[in-house]
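Participant: sequence and predicted structure, then a few things I'm wondering about:
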Amino acid sequence: MLWERSVTEQRYNAVLEVLEAGLPVTEVADRYGVSRQSVHTWINRYRAGGLEGLKDRSHRPNRCPHQLAAAVEARVCELRRQHPSWGPQRLCHELQRRRVQPLPSRMAIYRVLVRNQLITPDGRRRRRAWRRFQRERPMQLWQLDLIELPLADGTEIKVLTGVDDHSRYCVSAQAMTRATGRAVCRGLVAALARYGVPEEVLTDNGKQFTGRFGKPRPAEVLFERILRENGITHRLTRVRAPTTTGKVERFHQTLRKELLATLPPLPSLEVAQQVLDAWVEDYNQRRPHQALGGQTPAERFHAKPDPRQANPGQRVELPLWLPAALDQERVGMPAAGAIQLQTPPATANSTKTTATVRLPLEVDATVPACGNLGVAGRQVWLGRRLAGRMVRVRLDGATMHVSLDGRLLKTLPCRLQPQDLAHGRLAGARAAGPPPASVAAHPLLLGPGDAVEVDRRVNAAGTVGVAGQQVSVGLPLAGQTVTLRLEAATMHVLADGALVRSLPSPVPVTARARLHGARLARGALVVPQGPVVVRRRTSQRGQIQVAGERVQVGLTRARQVVTVHVAEREFRVFDEGGLIKVIPRRDRQEVTRFKAHQQHKPHGSG
């Protein structure tokens, strides 16, 4: 049967039918299902080579004009073996820099790597549509983050990394033993001093970068203060959203693949810093970036000019502000001595005059109505009770003493700078007289029945410190400055002059006069008349809790806010319509909460 014969046998039979049987070529071609030209080709190949000429031949062309030269293919393989992390895109760029001709395409290099088993071909991945977000010019936004680096002894160090959003230029790669707030700020300060001040800085919500999730309440950390003082906008990512800082995270991937994966664990922090500096130099100056169209980060980045080296008429930024603990150029001032004060010249051609001011100095100031006195760039809280009073401020270069009528009120650290003496309250400073009397050295002379008052700030837990003890005065007063009036056996808590609560005195009678900031109480204690008024939100069962007692208001007023007048012997409950009910008191506990809680949404509700 025809389909059981080989291709060579079929061609041989067709040739014999034409040459020996004398059949027409057209008839033989129709019978075998081929064209007349194929039959003529078989006849010519049989006459030239016999039966061997009828076998299948290769369809490969004799020559390929665009075939990659062997020398270029060898160059590609050599570069790949020297740099295993370079892919087809990077190899194409390097060949172009080396002026290799003819320059192969990226896909040609890919086929060379696959052919020589230098990479493992992966399945094609469908590209998703995406949009690249980046700033229009350099120094608009920096992205900062931390990365861990293992050492040979098994410990880990931290590296503060930062890249410019527009150019991908690495502005920081500072290694540190521990990622404390001060160490991170040193890395930030080094980057700001070297490249200038960016407009914005983007970080995650790490505790080194922000105090937004600080406990017990949010607070500004040193990192945020440096940014604020230098006019830098601090932007934070959403919680658990690392893609927001995608550029610096991609920089971490490059750092791990191209540096850390090719080296053994580094022996020390100093060696790690040297290796990082060398790699960052290559990354910024020589490594092409695919997102930049093959440009290096250095080709798209430029730092801001240094204000200290600016030419006349050149527009520059303000000088960099640094805290005293991180400023390398700031020199600590002695506790006493002389300050060289530069007096600005009257004209452009006149010379500067130098005046010498001897320390310590003192100046008189009136306490403003808010009770917060500003001296030498520092805010001193004295309280509203001293509003309008004249106090004396003594400065010795490192400390500030505030006194009233010769009695010391406060002693605070204050680093005096020469420029502080030229303006503000200190412009009229004079040589200081004898120091004020210390409260501890000269205790108050108390007579029988005298009371003592001290001012204390309530912390977030609702407690104040008195004579080394923590006394609870109530969470509603957290963050406020209260006055504690200590009598023989009782301590009264006053807020803005009004009595809030009375407690047993934790201070012995003989120790009251030695308290810090103690003063004689003026006038008798004013006890508020009438009941204590509080507000409560009723529960789902129509109940409220007041002064340790559970009061039933009624199911008809569930989840409503009511007003309660707490008298000595009864509770009087009111709503918007008037009095609801009167309930006798069973206990005499003090009221500690005055406001109603906010209503909680049930689970599953929007």
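Facilitator: Done, it's in.
Participant: please make it C-alpha for all contacts and neighbour counts, starting now.
Facilitator: Noted.
Participant: helices along this structure, start to end?
Facilitator: Under the criterion DSSP state H, the chain contains helices at 7-19, 25-32, 36-49, 70-82, 88-97, 106-115, 181-195, 222-229, 246-258, 269-285, 297-300.
Participant: can you redo the ones you listed as TSV with distance to residue 156, mean pLDDT and mean neighbour count?
Facilitator: Shown next, in TSV, are the helices of the chain (distance: least, C-alpha to C-alpha, whole Å; pLDDT from 0 to 100; neighbours: other C-alpha atoms under 10 Å):
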stretch	distance to residue 156	mean pLDDT	mean neighbour count
helix 7-19	71	88	16
helix 25-32	78	90	15
helix 36-49	75	90	15
helix 70-82	29	89	14
helix 88-97	32	86	18
helix 106-115	37	90	16
helix 181-195	15	92	19
helix 222-229	23	91	17
helix 246-258	15	91	17
helix 269-285	10	93	16
helix 297-300	29	90	17
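Participant: got those helices as CSV, with distance to residue 482 columns?
Facilitator: Formatted as CSV, the helices of the chain follow (distance: least, C-alpha to C-alpha, whole Å):
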stretch, distance to residue 482
helix 7-19, 108
helix 25-32, 112
helix 36-49, 111
helix 70-82, 72
helix 88-97, 68
helix 106-115, 74
helix 181-195, 32
helix 222-229, 28
helix 246-258, 48
helix 269-285, 50
helix 297-300, 57
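Participant: figure out which of those is closest to residue 237.
Facilitator: Closest of these to residue 237 is helix 246-258, at 10.7 Å (criterion: C-alpha to C-alpha).
Participant: packing partners for that closest one?
Facilitator: strand 141-150, strand 156-164 (3 or more C-alpha pairs under 8 Å, 6 or more residues apart in numbering; DSSP states H and E).
Participant: show residues contacting stretch 135-143.
Facilitator: With C-alpha atoms under 8 Å, 6 or more residues apart in numbering as the test, stretch 135-143 has contacts from 162-167, 197-203, 245, 247-248, 300-304.
Participant: do you know how far residue 139 is from residue 208?
Facilitator: Shown here: residue 139 relative to residue 208, a distance of 22 Å by C-alpha to C-alpha, to the nearest Å.
Participant: more neighbours: which of the two?
Facilitator: Taking neighbours as other C-alpha atoms under 10 Å, residue 139 and residue 208 compare with residue 139 leading, 24 against 20.
Participant: so what pLDDT did the more buried one get?
Facilitator: On pLDDT, residue 139 comes in at 92.
Participant: repeat for residue 53
Facilitator: 85.
Participant: so who does it touch?
Facilitator: Going by C-alpha under 8 Å, 6+ apart, residue 53 touches 45, 46.
Participant: any idea how far it is from residue 46?
Facilitator: In this view, residue 53 and residue 46 are 6 Å apart by C-alpha to C-alpha.
Participant: what subset of the contacts of stretch 135-143 is buried?
Facilitator: 162-167, 197-203, 245, 247-248, 301, 304 (16 or more other C-alpha atoms under 10 Å).
Participant: average pLDDT for stretch 363-376?
Facilitator: 82.
Participant: which non-adjacent residue is nearest residue 285?
Facilitator: Nearest non-adjacent residue to residue 285, counting by C-alpha to C-alpha, 6 or more residues apart in numbering: residue 298, 5.4 Å away.
Participant: next: residue 212.
Facilitator: residue 218 (4.8 Å).
Participant: what's near enough to touch residue 198?
Facilitator: Residue 198 touches 139, 140, 141, 142, 232, counting by C-alpha under 8 Å, 6+ apart.
Participant: at 10 Å what do you get?
Facilitator: Residues near residue 198 by C-alpha atoms under 10 Å, 6 or more residues apart in numbering: 138-142, 164, 192, 227, 230-233, 303-304.
Participant: closest one of those to residue 472?
Facilitator: residue 227 (36.6 Å).
Participant: ok, the residue nearest to residue 285 touching residue 283?
Facilitator: Yes: counting by C-alpha atoms under 10 Å, residue 298 touches residue 283, with 8.9 Å between them.
Participant: which residues do the two both contact?
Facilitator: Overlap of the contact sets of residue 298 and residue 283 (by C-alpha under 10 Å, 6+ apart) consists of 168, 169, 170.
Participant: kindly reformat the residues you listed as TSV containing neighbour count.
Facilitator: Output for those, formatted as TSV (neighbours: other C-alpha atoms under 10 Å):
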residue	neighbour count
168	26
169	25
170	24
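Participant: mind putting those into TSV with distance to residue 180 and pLDDT?
Facilitator: Below are the shared contacts of residue 298 and residue 283 laid out as TSV (distance: C-alpha to C-alpha, whole Å; pLDDT from 0 to 100):
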residue	distance to residue 180	pLDDT
168	26	92
169	25	94
170	21	95
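Participant: ok, of the residues you listed, which one's closest to residue 117?
Facilitator: residue 168 (32.6 Å).
Participant: how far away is residue 468 from residue 511?
Facilitator: Taking C-alpha to C-alpha as the criterion, residue 468 is separated from residue 511 by 12 Å.
Participant: for residue 559, that is, sorry about that
Facilitator: Distance of residue 559 to residue 511, given as C-alpha to C-alpha: 49 Å.
Participant: ok, residue 579 - contacts?
Facilitator: Shown in contact with residue 579 (C-alpha under 10 Å, 6+ apart): 563, 564, 572, 573.
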